[in-house]
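Trainee: show me the folded form of this:
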Amino acid sequence: MSAVASTTTGVSVVCRMGELLTAVAAVVPHVGREKDGGGVERVRVVVDTSVMRLALLAANEASAVVAMLPLEDADEPVDGQGRPVTWVEADLSAEALRTVVAVLRGGGGDSARVSLQHALEEGRATALQVTDVTGMLPGRSVRVRALGSWGGDGQERVDAASVVLEACAADLAATGAVVLSAERMRPWMATGRALGVLPLRVTTTGQLVLVAGAATEDLAGLAVVGCGLVSQVPGPGTGQPAYDGPAVSALMGLLLDGVPVGGEPVRDAASKVVTELEDWLATRTTAGEDGTGDGDAPEGGDAA
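Mentor: Below you'll find the model as predicted:
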């Protein structure tokens, strides 16, 4: 994870207003109840200026949705030690985010400045402010308080990114009918209204997978990926993952513990690849200089 703020620094970024409000409306219906545990009553908001992206993540006992939207601009704050602050996140209630939508919807603005204010040492923020910055002067603005750090009382927090990644990796069903109860259908109907479409895929493990917007392309716009349980397991599979597009790597970057489903920690895996490549290049260079080797790639690998 990137460097974080130390005391009262915050991060301020600019994104498209329409994409932000749509993302909130698509994610909030999947916020769970506090009594279900695992922190599902919270929406996790992450700003990562190193990849110029804002993400909202939510989950409940039957579904999880992640919305990601590109940033158009970002400031460059530093912490108390002069290190750049590129990652700040906050937990917000569904009510707080509905307030943001209620204030800004219908304002006609094209650009929104999102400020995560008063970031603490662990990279968290105590408040989120959204302002319409379409014109030369600021327009409507709303500020909501963030929730405190989730303690959990020994429980492990539900990781919406991990849940969605697991569903995306499941075998895509070739045929079969599925059944959704009215209760499980309700949040998906709200998400469909927000997006204007609800493109769903079904896995052989009994999950539906939502892939919408720029998730099918290059993440240049709003991308929404989600999953949910169905009441009837579909037929045979295709042998292909339900989704293996550009949002997969972005989801990995949002994992709470940095560990992809069935894999090594993302940063450790990347470091291992770099180390192996550097070792091979060093060996190849040495072999070429003293004439004792032919410079071939190591067994099981390709030349760079």
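Trainee: secondary structure class of the residue lying closest to residue 187 once chain neighbours are set aside, three-state.
Mentor: Nearest in space to residue 187, with sequence neighbours left out and distances taken as C-beta to C-beta, 6 or more residues apart in numbering, is residue 29 at 3.8 Å. (C-beta placed from N, C-alpha, C; glycine too.) Going by DSSP: H, G, I helix; E, B strand; the rest coil, the secondary structure assigned to residue 29 is helix.
Trainee: measure residue 29 to residue 149 for me?
Mentor: When distances are taken as C-beta to C-beta, to the nearest Å, residue 29 and residue 149 turn out to be 25 Å apart.
Trainee: what is the neighbour count of the residue nearest to residue 187?
Mentor: The burial metric for residue 29, expressed as a neighbour count using other C-beta atoms under 10 Å, is 20.
Trainee: surely it is in contact with residue 190?
Mentor: Yes - using C-beta atoms under 8 Å as the test, residue 29 is close enough to residue 190 to be in contact (3.8 Å).
Trainee: report how many residues lie close to the nearest residue to residue 104 once chain neighbours are set aside.
Mentor: Nearest-residue entry for residue 104: residue 140, 5.7 Å, with adjacent residues in sequence omitted and distances by C-beta to C-beta, 6+ apart. The number of residues packed around residue 140, counting by other C-beta under 10 Å, is 17.
Trainee: so who does residue 140 touch?
Mentor: By C-beta atoms under 8 Å, 6 or more residues apart in numbering, the contact set of residue 140 is 103, 104, 107, 109, 131, 132.
Trainee: could you check the pLDDT of it?
Mentor: At residue 140, the predicted lDDT confidence score is 94.
Trainee: now it, what are its backbone angles?
Mentor: Per-residue torsions, residue 140: phi -60, psi 150 (degrees, to the nearest 10).
Trainee: how much space separates it from residue 244?
Mentor: 40 Å.
Trainee: over to residue 81?
Mentor: Using C-beta to C-beta, one gets 40 Å for the distance from residue 81 to residue 244.
Trainee: more neighbours, those two?
Mentor: More crowded of residue 81 and residue 244, by other C-beta under 10 Å: residue 244, with 11 against 7.
Trainee: dump the residue contacts of the spatially closest residue to that one that is not a sequence neighbour.
Mentor: Nearest residue to residue 244, sequence neighbours excluded (C-beta to C-beta, 6+ apart): residue 168, at 7.1 Å. By C-beta under 8 Å, 6+ apart, the contact set of residue 168 is 209, 225, 227, 241, 242, 243, 244, 248, 251.
Trainee: hey, what's the fourth one bridged with?
Mentor: When bridges are assigned using DSSP bridges, the partners listed for residue 241 are residue 171.
Trainee: show me where pLDDT drops low in the stretch 1-150 of the chain?
Mentor: Within the stretch 1-150 of the chain, the ranges that satisfy pLDDT under 70 run 1-9, 118-123.
Trainee: got the residue ranges for the strands in it?
Mentor: Taking DSSP state E, counting those that start in this stretch to define them, one finds strands in the stretch 1-150 of the chain at 11-16, 43-48, 53-59, 63-70, 73-74, 87-92, 111-117, 127-132, 141-145.
Trainee: which of those strands sits closest to residue 155?
Mentor: Taking C-beta to C-beta as the criterion, strand 53-59 is the member of the strands of the stretch 1-150 of the chain that comes nearest to residue 155, at 13.7 Å.
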